[in-house]
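Undergrad: Provided below are the primary sequence and the corresponding predicted coordinates.
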Amino acid sequence: MKPLFNFEEANMPEEVRGILYGQDILSVSQFNKDVIEYVFTRTLEMREMVQKQGTADLLKGKVAAFIFYEPSTRTSSSFIAATQRLGGGIIPITSGVSFSSVSKGETLEDTMRVLQQYADVIVLRHPQIGAAKRAAAAANVPVINAGDGPGEHPTQALLDLFTIRDELGKIDGLKVAMVGDLRYGRTVHSLTRLLMQYDVKLRFVSPEILRLPLNLMNQVIDAKIDVRETHNIADVIDDVDVLYMTRVQKERFTDIEQYESVKDYYVLGPELMAKAKEKMIVMHPLPRVGEIDEAIDDDPRSGWFRQAQNGMFVRMTLLAGVLGRA
Ligand code: CP
């Protein structure tokens, strides 16, 4: 296995260094194909390292702070595991900011100004679009966006794209369907933006009130992507390579009756999967709340737990890339 120390600043290609080393990660728009390729190559090394030896000391002497103003299982725990697997220290404020001074009225900006006194990088989840950008403007250490309301979730999109490439061997030429809450689903927004850089066909499947935001759809159209919208999974299931399921985001609705009207709109089960291609993958950023029947968990095409595991490897790469080593 190659040594992991090719993250050293000196070994990072110039175009990657400018995007990762010492930088915030706020949006997938920062990532061009060269950087994505670099991240994927390093991520394969991280996976191999974990499988062979479990840990490395690439982040020894570095500390990462995690502050989550919204609940999380995967993003928080995979980021923490990623830091620890690379020998770094953690400040985990992940089980609710009610136990931090946020509950006393401290501003996001002040919270950043304080955490930067202790940590070399801050990973933030927040319910408001643009919060990560605000935090980055206040902090003098890199800020990584772990989800800003219905805005973006860039590290999730990178792990999603890594999973697609890892499972299907390519990205160009694929037909990808995204299903469910395309309006509020930040993972859909980020993944769509990443996929727009590739030669893919996109299919958006949602109830009328949960369609992809118009500004993002216009970007897809401007990028000359082959795109179609439908309300019905059956319209796409038989010829997609990736079926990206999502949860209806109850916490974003102001009208609970509207939520109730769409919460069970899609359920993917054995009957629909029988129509899907033999070589394809079903993904979900998780948590699932009924839109995927557990009866298909053992189907080899069900990729969501492998996807979740990839999150740790990709986040190892991103933390190491952002922090670099002198
Ligand atoms: N995929 C994802 O963001 O999951 P969590 O909300 O559990 O972090």
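TA: Thanks, I have it.

Undergrad: Up against the ligand, what does the stretch 151-300 of the chain have?
TA: Contact residues (CB under 6 Å from any ligand atom) of the stretch 151-300 of the chain with the ligand: 153, 156, 285-286. Placement of C-beta: from N, CA and C, glycine included.

Undergrad: Now, of the residues you listed, which are buried?
TA: 153, 156, 285-286 (16 or more other CB atoms under 10 Å).

Undergrad: mind checking the SS state of the residue nearest the centre of the chain?
TA: The residue lying closest to the centre of the chain (CA atoms, centre = their mean) is Gln156, at 0.7 Å. Of the three states, Gln156 takes helix under DSSP: H, G, I helix; E, B strand; the rest coil.

Undergrad: Test my guess that it contacts Gly147.
TA: Yes. The criterion here is CB atoms under 8 Å, and Gln156 meets it with Gly147 at 7.4 Å.

Undergrad: Could you tell me which residues touch both of the two?
TA: 75, 186 (CB atoms under 8 Å, 6 or more residues apart in numbering).

Undergrad: Tabulate the buried ones among the residues of the stretch 151-300 of the chain next to the ligand (a markdown table), appending secondary structure and pLDDT.
TA: Output for these, formatted as a markdown table (DSSP: H, G, I helix; E, B strand; the rest coil; pLDDT from 0 to 100):
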| residue | secondary structure | pLDDT |
| --- | --- | --- |
| His153 | coil | 96 |
| Gln156 | helix | 98 |
| Pro285 | coil | 97 |
| Leu286 | coil | 97 |
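
Undergrad: of all those residues, which two lie farthest apart?
TA: His153 and Leu286 (12.1 Å; CB to CB).

Undergrad: what is Val179 paired to in the beta sheet?
TA: Val205, Met245 (DSSP bridges).

Undergrad: how about the strands of the stretch 101-250 of the chain, start to end?
TA: 121-126, 143-148, 175-179, 201-205, 226-230, 242-245 (DSSP state E, counting those that start in this stretch).

Undergrad: how about the ones you listed in JSON lines, adding mean neighbour count and mean pLDDT?
TA: Output for the strands of the stretch 101-250 of the chain, formatted as JSON lines (neighbours: other CB atoms under 10 Å; pLDDT from 0 to 100):
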{"stretch": "strand 121-126", "mean neighbour count": "27", "mean pLDDT": "98"}
{"stretch": "strand 143-148", "mean neighbour count": "27", "mean pLDDT": "98"}
{"stretch": "strand 175-179", "mean neighbour count": "24", "mean pLDDT": "98"}
{"stretch": "strand 201-205", "mean neighbour count": "23", "mean pLDDT": "98"}
{"stretch": "strand 226-230", "mean neighbour count": "14", "mean pLDDT": "98"}
{"stretch": "strand 242-245", "mean neighbour count": "26", "mean pLDDT": "98"}
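
Undergrad: Quickly list the domain ranges of the chain.
TA: For the chain, automatic domain parsing gives the domain ranges 7-152+310-322, 154-308.

Undergrad: looking at the ones you listed, which one has the lowest mean pLDDT?
TA: Among the domains of the chain, domain 7-152+310-322 has the lowest mean pLDDT, at a mean of 93.

Undergrad: Just give me how far that one sits from the chain centre.
TA: 12 Å (CA atoms, centre = their mean, to the nearest Å).

Undergrad: Tell me which residues touch Asn140, please.
TA: Gln116.

Undergrad: got it, and Val39?
TA: Contacts of Val39 by CB under 8 Å, 6+ apart are 31, 158, 162, 314, 317-318, 321.

Undergrad: and those, which are buried?
TA: Among those, the ones that count as buried (16+ other CB under 10 Å) are 31, 158, 162, 314, 317-318, 321.

Undergrad: between those residues, which is nearest Glu271?
TA: Distances from Glu271 to these, taken by CB to CB, are shortest for Phe162, at 30.1 Å.

Undergrad: which ones are touching the closest one?
TA: 39-40, 43, 310, 313-314.
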